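Chemist: how would this look folded up:
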Amino acid sequence: MAWNVEVDHDKCTGCEECVNVCPAGVLEMQDGKSTPVNIDECLGCESCVEVCEAGAITVTET
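Modeler: Numbering: from 1, shown residues only. Alright, predicted model coming up:
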């Protein structure tokens, strides 16, 4: 199963909570915003979605 991770940079506050909680290291900070870099490693756990108070992250099955 493959997953797609998207971050709405207009909503992202740069808090880094998603980066810290992701067990697969899918997200990293770039220019003060969370950015998916290792999407192929995504487990689909949606931990990043759950901790994002801004609602900036979506994870969908591809």
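
Chemist: show me where the chain has helices.
Modeler: Assigned by DSSP state H, the helices in the chain fall at 17-21, 47-51.

Chemist: Among these, which comes closest to residue 30?
Modeler: With respect to residue 30, and counting by C-beta to C-beta, the nearest of these is helix 17-21 at 10.4 Å. The C-beta positions use only the backbone N, C-alpha and C, and glycine is treated the same way.

Chemist: packing partners for the closest one?
Modeler: Applying 3 or more C-beta pairs under 8 Å, 6 or more residues apart in numbering; DSSP states H and E, we find helix 17-21 packed against strand 27-30, helix 47-51.

Chemist: What pairs with the first one, parallel or antiparallel?
Modeler: Each strand that strand 27-30 pairs with, and the sense of that pairing, follows from DSSP bridges: strand 33-36 (antiparallel).

Chemist: okay, the partner strand in CSV with CA atoms only?
Modeler: C-alpha atoms of strand 33-36 as CSV (Å, rounded to 0.1, in the frame of the first residue of the first chain):
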residue,chain,number,x,y,z
LYS,A,33,7.6,24.8,6.8
SER,A,34,7.0,21.1,7.1
THR,A,35,7.8,19.4,3.8
PRO,A,36,7.3,15.7,2.7
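
Chemist: now it, how far from the chain's geometric center?
Modeler: When C-alpha coordinates are averaged (C-alpha atoms, centre = their mean, to the nearest Å), strand 33-36 and its chain have centres 7 Å apart.
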